[in-house]
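S.K.: would you be able to build a 3D model of this:
(chains A and B)
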Amino acid sequence: MSASEPVAPLVELRDVTRSFPGPPEVQALKGVNLLVAEGDYVSIVGPSGSGKSTMLNILGLLDRPSVGEYRLAGALTGALGEDERAVVRGREIGFVFQSFHLMAQRSVLENVLAGMLYAGVPRAEREERALRALERVGLGHRIGFKPPTLSGGERQRVAIARAVAGSPKLLLADEPTGNLDERTSGEVMDLFEELNAEGLTVAIITHDREVAERARRRIRIADGRLTELEAAA
Amino acid sequence: MIRLPRRRRSDAEEAPSTARRIARSDRFTFQDLMAEATAGIGARPARLVTTLLGTVLGIGSLVATLGLAQTTAGQVARQFDAVAATQVIVTPGSASTGGQTVATARLPWDAPERVLRLAGVESAGLSSEVPFEGTITAVPVNDPSAAATAAPPLVAASAGLLDAVRGEVTTGRFFDEGHDARGDRVAVLGSRAAERLGVQRIDRQPSIFIDGLAYAVVGVVDGMERRAELRDAVIVPMGAAREDFALSSAEELQIRIQQGAGELVGEQAPIALLPDEPEGLDVAAPTGRSELGANVQADVNVVFLVLGAIALVVGGLGIANVTALSVLERTGEIGLRRALGATRRQIASQFVVESIVIGLLGGLIGAALGVLSVVVVSLVQQWTPVVDPLAAVLAPFVGALVGLAAGWLPARRASRIEPVAALRG
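M.R.: Have a look, this model is predicted:
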């Protein structure tokens, strides 16, 4: 497995603190250190208000640490301007959200194409890659449908296709099963595992123990601090 | 099964710095921008209609106003006598000194030749009434029993006059420049003068006696709408009038011009005629159609242009409102696009282009409706519709401009949406 090869960490957080100015000042993350190797599969669990979302926002370059450094693929991200961060997001990171965030008026194919709009994928290649990604998540037969006509599980698979179509290095999922029932949750988690097996680094934020336990590495976050849990049996 | 590309080490090491040198051409191209912006527009057709309404009304009323103004102006101009639009008359200026009017300048005898050199002049001829107290009769016998009748007016003319006043020869011919130069005693009769003098045929070479001098009648003329009094007159060449009746100068120069050349000829003729003293001549030239049209337009436009402008402002506010609403509704989508790698500028441009396209669309429909209403009104009034193509072509762009102005602020607001806040929930 690719995860066992000694590779440079894809994600490296060093003493990252994120505080929100008050009053009262809130420290959502307190001196967090985290290494995620390429090809890793990490779950981050914790109760609500523990700093999970802040963690995801920082990993996804949607937010900046107040203190500390974040290296993505070995390069510091602190010095990047707003536009450069957007570009890096587009190219290196794929997002999957709890509420899917699909454009209701646009077809499934168009939604997946939107994932490559800002990612520097040549126009001519986009459709082919989107179709492959949709085939990959098992929705090749739904390309012309509008998201509201799909089931929750199908919608999340569209969102995953959108996230991976641009070939990101890191897939960030924020409560990806939060709006799904148990069976479709299982399908989505299977999909994450398959993608990880193909080499994609996956980080899932969840409060669902069952979901979290399927990850190779589990990290618990509580009151802004990280604890690495022992690997599941 | 797809195989996600394996990440190579070298790629991984330099990754974030690639942000600086990403091919611009592949990141959200102009084509992408257009596709995304227009996809948003078509998404809600019902709302689009209400958004367009203000712009359509504004542009439509502006185009209709301009078109109707031009149509009515054209209508007025058409009603003007076509002859008047092609006639220029030059007369010596006059000044009144102690109750008497005195000519301040003289028309040169070669005036027709001088003005014929000007562009737009088709023909020219001098004319002058000859002061004359004698009799004109077709018989040399002095019949004491005949009732005393006033003699028909005697007019001296140059050879080009007939053409210049749009006369036509009924029988015979008009005298030519040779007759004029030699001072030949020939005469041409106006149609009514010929009737009065009992001259019906000229093949018998009839003569008339002007103050006892025999003049050979060479022709009878008619027409001459512009100088209808010539139909009553006996017309003789300038040369003969100078010799026999001591005609000292010509009274007026009739010039027939091409349509639209009035202002030009009116300006140039006095200089050509009297280079040393052009202001000594009075010129009656047709005013340009534009001046006429402008007067008519001014009456119609003020009210409707103001109404159109108000409608346009309302239309702009409508677009601004709907764009702002759509930004609010699509907060999630904006956040998503930012997460997918859109920069603030790309978000802003998407919304600006969207409102520009709405404005353009409103302008197009408005221009079409405006032109249509001009056509319908013209049809009902039996006018000839006139619409400046420029107005119809520019109207959509005015609409686009309104859209740009209206979309600016909401687009800025959209670009400031923080992805973190937008993606929550």
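
S.K.: what's B:Ala103 in contact with, if anything?
M.R.: Residues near B:Ala103 by CB atoms under 8 Å, 6 or more residues apart in numbering or on different chains: B:92-94, B:249. Quick note: C-beta positions are derived from backbone N, CA and C, even for glycine.

S.K.: stretch A:22-37 near chain B at all?
M.R.: No: if you take CB under 8 Å from any CB of the partner chain as the test, stretch A:22-37 misses chain B, and the best it gets is 10.9 Å.

S.K.: sort out which residues of that stretch are buried, please.
M.R.: A:27-30, A:32, A:34, A:36-37 (16 or more other CB atoms under 10 Å in any protein chain shown).

S.K.: show me where the chain dips below the pLDDT cut-off.
M.R.: As the question left the chain open, I've gone with chain A. A:1-7, A:231-233 (pLDDT under 70).

S.K.: actually it's chain B I care about, not the one you picked
M.R.: B:1-26, B:74-84, B:98-100, B:140-144, B:146-149, B:260, B:287-301, B:425.

S.K.: what ranges does it have for its strands?
M.R.: In chain B, the strands defined using DSSP state E lie at B:87-92, B:94-97, B:100-103, B:121-129, B:136-137, B:154-157, B:167-172, B:186-190, B:207-210, B:213-223, B:234-237, B:252-257, B:281-284.

S.K.: which elements pack onto the fourth one?
M.R.: In terms of contacts (3 or more CB pairs under 8 Å, 6 or more residues apart in numbering or on different chains; DSSP states H and E), strand B:121-129 is packed against helix B:111-116, strand B:154-157, helix B:161-164, helix B:238-245, strand B:252-257.

S.K.: ok and that strand relative to strand B:252-257, angle-wise?
M.R.: 160 degrees (axes from the mean of the first three to the mean of the last three CA atoms, to 10 degrees).

S.K.: tilt between strand B:121-129 and helix B:238-245?
M.R.: With the same axes, to 10 degrees applied, the angle from strand B:121-129 to helix B:238-245 works out at 10 degrees.

S.K.: residues in contact with strand B:121-129?
M.R.: So strand B:121-129 is contacted by B:86, B:107, B:109, B:111-112, B:115-116, B:153-165, B:227, B:230, B:238, B:241, B:247, B:249-258, B:261, B:265 (CB under 8 Å, 6+ apart).

S.K.: picking up where we left off before, ok, and which of the contacts of B:Ala103 reach chain A?
M.R.: Near chain A, by the rule CB under 8 Å from any CB, you find none of the contacts of B:Ala103.

S.K.: who wins for most neighbours among these?
M.R.: Among those, B:Pro92 has the most neighbours (other CB atoms under 10 Å in any protein chain shown), with 20 neighbours.

S.K.: out of the buried residues of stretch A:22-37, which sit inside strands?
M.R.: Those of the buried residues of stretch A:22-37 lying in strands (DSSP E): A:27-30, A:32, A:34, A:36-37.

S.K.: re earlier: for the strands of chain B, which one sits closest to A:Leu150?
M.R.: strand B:252-257 (78.0 Å; CB to CB).

S.K.: give me the nearest residue to B:Thr29, chain neighbours excluded.
M.R.: A:Arg123 (6.5 Å; CB to CB, 6 or more residues apart in numbering or on different chains).

S.K.: hmm, I was thinking of B:Glu277
M.R.: B:Glu277's closest residue in space is B:Ala105 (CB to CB, 6+ apart), at 5.8 Å.

S.K.: one more: B:Ala348?
M.R.: B:Ser415 (3.9 Å).

S.K.: now A:Leu229: how far from B:Gln70?
M.R.: Per CB to CB, to the nearest Å, A:Leu229 is found 82 Å from B:Gln70.

S.K.: what's the neighbour count on the residue of chain B found nearest chain A?
M.R.: Chain A sits closest to B:Gly341 of chain B, with a gap of 1.9 Å, by CB to the nearest CB. Number of residues near B:Gly341 (other CB under 10 Å) recorded here: 30.

S.K.: so it is in contact with A:Asp83, correct?
M.R.: No: assessed by CB atoms under 8 Å, B:Gly341 is found out of contact with A:Asp83, at 9.9 Å.

S.K.: run through the helices of chain A in chain order.
M.R.: Taking DSSP state H as the test, the helices found in chain A are A:52-59, A:82-92, A:108-117, A:123-136, A:152-165, A:182-197, A:209-213.

S.K.: kindly report the same for chain B.
M.R.: B:9-14, B:30-42, B:45-79, B:111-116, B:161-164, B:177-182, B:191-197, B:238-245, B:262-273, B:289-329, B:331-339, B:344-381, B:389-415, B:419-423.

S.K.: and the angle from the third one to helix B:344-381?
M.R.: With the same axes, to 10 degrees as the criterion, the two stretches helix B:45-79 and helix B:344-381 enclose an angle of 40 degrees.

S.K.: so for A:Leu229 and B:Gln70, which residue has more residues nearby?
M.R.: Comparing A:Leu229 with B:Gln70 by other CB under 10 Å, the one with more neighbours is B:Gln70, at 20 against 14.

S.K.: that one - nearest residue in space that isn't next to it in sequence?
M.R.: Using CB to CB, 6+ apart, the closest residue to B:Gln70 is B:Val386 (4.4 Å).

S.K.: these two touch, right, that neighbour and B:Leu68?
M.R.: No: using CB under 8 Å, B:Val386 is not in contact with B:Leu68; the gap is 9.1 Å.

S.K.: domain-wise, how is chain B divided?
M.R.: Following automatic domain parsing, one gets these domains for chain B: B:31-78+B:291-423, B:122-257.

S.K.: want to throw those into TSV with distance to B:Ala269?
M.R.: Listed next are these as TSV, based on distance: least, CB to CB, whole Å:
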stretch	distance to B:Ala269
domain B:31-78+B:291-423	19
domain B:122-257	7
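
S.K.: check contacts around whichever residue of chain A sits closest to chain B.
M.R.: Using CB to the nearest CB, the single residue of chain A nearest to chain B is A:Gly90, 1.9 Å away. With contact set as CB under 8 Å, 6+ apart, A:Gly90 has these partners: A:118-120, A:166, B:27, B:340-342.

S.K.: distance to B:Ala320 added to those residues, as CSV?
M.R.: CSV is the format used below for the contacts of A:Gly90 (distance: CB to CB, whole Å):
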residue, distance to B:Ala320
A:Tyr118, 27
A:Ala119, 32
A:Gly120, 33
A:Gly166, 34
B:Arg27, 29
B:Leu340, 27
B:Gly341, 28
B:Ala342, 22
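
S.K.: for the stretch 301-425 of chain B, which residues are neighbours of chain A?
M.R.: B:332-333, B:335-346, B:419-420, B:423-425.
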